[in-house]
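Participant: 3D model of this:
(one chain, ligands or ions: 1)
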Amino acid sequence: RQLAGHASAWSGPMDALPAAIHACQRCPLHSMATQAVPGQGPQDARLMIVGEQPGDQEDLAGVPFVGPAGRLFDRVAQSAGLDRSLAFVTNAVKHFKFEPRGKRRIHKRPNAGEISHCRWWLDAELAQVSPKLILALGATAAEALTGSGDNILARRGTVETRADGTTVLISIHPSFLLRLTDGQERDRQTDLFRDDLRRAAAMMQ
Ligand code: URA
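Facilitator: Predicted coordinates for the structure are as follows:
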């Protein structure tokens, strides 16, 4: 099957996908990261949740969304009645991109080329899981899944349809909530995020 932007889709056996992602050297990001972080969850999940890229803790653990953004996601998801264990959770980009600063590793946003290179693996995971609904968390996920980098705050809470017919519910990234310093605005945005997750729980049924 030809996929837009790729010479061809990944064609290995599907249970070999995580190992293939671990071995990936398709872009330079692999050389700095500890390891690639493949998606995790049931291979027949009705919901696929897509984030941006592993963060510092995910890079060390090899598991998506286990750091601060993941813990916040889990808290809001629980209050929205969304069971994360039923979802296949992955990222648009599989390696952590960062800038070393002293002992710290400062997150850097993946660029369009990195997103595009790594879509090879996102498409392979999508083909494997074939979810009913995709929940895109943030601008990078939305861009990787829909091809559009349009403003995420204008699109959040809306449903878009991919060329392959899959439905994508667009939302913000939980790290956006972590960055908000105004408490009232954080509460308001958290409520909107909870609404999105509630809707995802209903739509995946
Ligand atoms: N942020 C993401 O987008 N994904 C992770 O796995 C962790 C933090």
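Participant: Show me which helix runs longest in the chain.
Facilitator: As assigned by DSSP state H, the longest helix anywhere in the chain is helix 183-203.
Participant: And L169, how close does it get to Q43?
Facilitator: Noted for L169: a distance of 21 Å to Q43, by Cβ to Cβ, to the nearest Å. From N, CA and C alone the C-beta is placed, and that goes for glycine too.
Participant: which parts of this protein sit against the ligand?
Facilitator: G51, E52, Q53, P54, G55, E58, P64, F65, G67, A69, G70, N91 (Cβ under 6 Å from any ligand atom).
Participant: List buried residues within those.
Facilitator: The neighbour count (16 or more other Cβ atoms under 10 Å) marks G51, E52, Q53, P54, G55, E58, P64, F65, G67, A69, G70, N91 as buried among the residues of the chain next to the ligand.
Participant: Out of those, which comes closest to R188?
Facilitator: Checking those against R188 with Cβ to Cβ, the nearest one is A69 at 18.7 Å.
Participant: Could you tell me which residues make contact with the closest one?
Facilitator: G51, G55, H173, P174, S175, L178 (Cβ atoms under 8 Å, 6 or more residues apart in numbering).
Participant: Chain neighbours aside, what residue packs nearest to the third one?
Facilitator: Once flanking residues are discounted, H173 sits nearest to G138: 2.9 Å by Cβ to Cβ, 6 or more residues apart in numbering.
Participant: List the contacts of the one you found.
Facilitator: Here G138 is in contact with G51, E52, I152, S171, I172, H173, S175, F176 (Cβ under 8 Å, 6+ apart).
Participant: Could you check the pLDDT of G62?
Facilitator: With respect to pLDDT, G62 scores 98.
Participant: Please report the distance of it from T34.
Facilitator: Taken as Cβ to Cβ, the span from G62 to T34 is 8 Å.
Participant: Could you pull up the contacting residues of the nearest residue to I152 once chain neighbours are set aside?
Facilitator: Once flanking residues are discounted, I152 sits nearest to A139: 4.3 Å by Cβ to Cβ, 6+ apart. Listed by Cβ under 8 Å, 6+ apart, the contact partners of A139 are E52, G149, I152, H173.
Participant: quick revisit: list the ones among the residues of the chain next to the ligand that fall in helices.
Facilitator: E58, A69, G70.
Participant: Using TSV, lay out these together with pLDDT.
Facilitator: Below are these laid out as TSV (pLDDT from 0 to 100):
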residue	pLDDT
E58	98
A69	98
G70	98
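Participant: Of those, which is the nearest to I115?
Facilitator: Nearest member of those to I115, counting by Cβ to Cβ, is E58, at 17.1 Å.
Participant: ok, the closest residue to that closest one other than its chain neighbours - contacts?
Facilitator: In space, and not counting its chain neighbours, E58 is closest to V37: 5.2 Å by Cβ to Cβ, 6+ apart. Counting by Cβ under 8 Å, 6+ apart, V37 touches P54, E58, D59, G62, V63, P64, N91, K94, H95, F96.
Participant: Redo the contacts of G138 as a markdown table? Include secondary structure, distance to D196 and pLDDT.
Facilitator: A markdown table is the format used below for these (DSSP: H, G, I helix; E, B strand; the rest coil; distance: Cβ to Cβ, whole Å; pLDDT from 0 to 100):
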| residue | secondary structure | distance to D196 | pLDDT |
| --- | --- | --- | --- |
| G51 | strand | 14 | 98 |
| E52 | coil | 16 | 98 |
| I152 | helix | 12 | 97 |
| S171 | strand | 4 | 98 |
| I172 | coil | 8 | 98 |
| H173 | coil | 11 | 98 |
| S175 | helix | 15 | 98 |
| F176 | helix | 12 | 98 |
